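Could you look at this predicted model? Sequence included:
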Amino acid sequence: MLKDLFKVKPIQATTQQHLLIADIVDDIILTKDGGAGLVLEATALNFSLLSEREQEAITYAYAAFLNSLSFPIQIMIRSQQKDVSNYLSFLRENEEKIQNPLLKELMQSYENFVAQIVKKRNVLEKQFFIIIPFLPFELGLSAANLLNSIVRKRKSIPYTKEYVVKKSKTALYPRRDHLIRQSGRLSIKLKQLNTEQLAQLFFAIYKEGERFEIKSTDYDLPTTENNSSAQQ
């Protein structure tokens, strides 16, 4: 009995089986449920360094930004430990070139200061993103059709990839432009991530610690089958 238990193979699953992403086409993320979306990277704003009047203006501008939305968005903040090893190497290389003993001592002191700051305070590097989703319902799929697909465990939706991309762009681009205009009032710049940058971002999230070495022609992810018979 115990021998039979040890013969049972462990449950194994790849990361891609847990991902909702089906493909990345023309800077648009396609999801397995027929939805889509695009990602905007936002610059940072040091709110604490602003004057009281500027902080008040930014607060009102942010409230106006939220009130102007007629569609859902997702805000993601990605934090990771700051890697200053390259910067420290740069300082050491320049230290070797310094002839003045006093300047050389100051450079060594600065190197130690940076190293101790990173070691004690765990300095984090933050990235800010806004995701604009395109829901499967916006394709014209009814709740009944989506539920029927889930019940039957279908791996595809009744539309081609090209149709989903075209339809999603029509909805996503005006929303993107609206966010870019509104964020300007907050002194924040938004930039849409392209296909390569999206692939790098998701690789860094799900394969943390590994190097991204995918060629520019290999960004397509495994996709589900599409049935073009229902395309309108």
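Received, thanks.

Please export the C-alpha coordinates of the lengthiest helix in the chain as CSV.
Determined from DSSP state H, the single longest helix within the chain is helix 161-184. Provided in CSV are the C-alpha atoms of helix 161-184 (Å, rounded to 0.1, in the frame of the first residue of the first chain):
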residue,chain,number,x,y,z
LYS,A,161,-6.7,37.1,-32.9
GLU,A,162,-6.6,39.8,-35.5
TYR,A,163,-10.3,40.7,-34.8
VAL,A,164,-9.6,40.9,-31.0
VAL,A,165,-6.5,43.1,-31.6
LYS,A,166,-8.4,45.5,-34.0
LYS,A,167,-11.5,45.7,-31.7
SER,A,168,-9.4,46.3,-28.5
LYS,A,169,-7.3,49.0,-30.2
THR,A,170,-10.5,50.9,-31.0
ALA,A,171,-11.4,51.0,-27.4
LEU,A,172,-8.0,51.2,-25.7
TYR,A,173,-6.3,53.9,-27.7
PRO,A,174,-8.8,56.7,-26.8
ARG,A,175,-8.6,55.6,-23.1
ARG,A,176,-4.8,55.7,-23.3
ASP,A,177,-4.8,59.2,-24.8
HIS,A,178,-7.2,60.4,-22.1
LEU,A,179,-5.0,59.1,-19.3
ILE,A,180,-1.9,60.7,-20.9
ARG,A,181,-3.7,64.1,-21.0
GLN,A,182,-5.0,63.9,-17.4
SER,A,183,-1.7,62.7,-16.0
GLY,A,184,0.0,65.8,-17.5
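
Are there helices or strands packed against it, and which ones?
The elements that helix 161-184 packs onto, with contact taken as 3 or more CB pairs under 8 Å, 6 or more residues apart in numbering; DSSP states H and E, are strand 21-25, strand 28-31, strand 36-42, helix 52-67, strand 124-134, strand 190-192. Every C-beta, even on glycine, is put in place using the N, C-alpha and C of the backbone.

Report the residue spans of this structure with pLDDT below the cut-off.
Filtered on pLDDT under 70, the chain yields the residue ranges 1-18, 120-123, 141-158, 208-232.

still on that earlier bit, looking at the helices and strands packed on helix 161-184, spot the one closest to residue 169.
For these, proximity to residue 169 was assessed by CB to CB; strand 28-31 is nearest, at 6.7 Å.

what residues does the closest one touch?
Residues from elsewhere that reach strand 28-31 (CB atoms under 8 Å, 6 or more residues apart in numbering): 20-24, 36-39, 136, 161, 164-165, 168-169, 172, 198, 223.

Using PDB, list the CA coordinates for that strand.
The C-alpha atoms that make up strand 28-31 are tabulated as PDB, following Å, rounded to 0.1, in the frame of the first residue of the first chain:
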ATOM      1  CA  ILE A  28      -1.400  44.800 -26.900                       C
ATOM      2  CA  ILE A  29      -1.700  42.000 -24.300                       C
ATOM      3  CA  LEU A  30      -4.200  39.400 -25.300                       C
ATOM      4  CA  THR A  31      -5.700  37.200 -22.600                       C
END
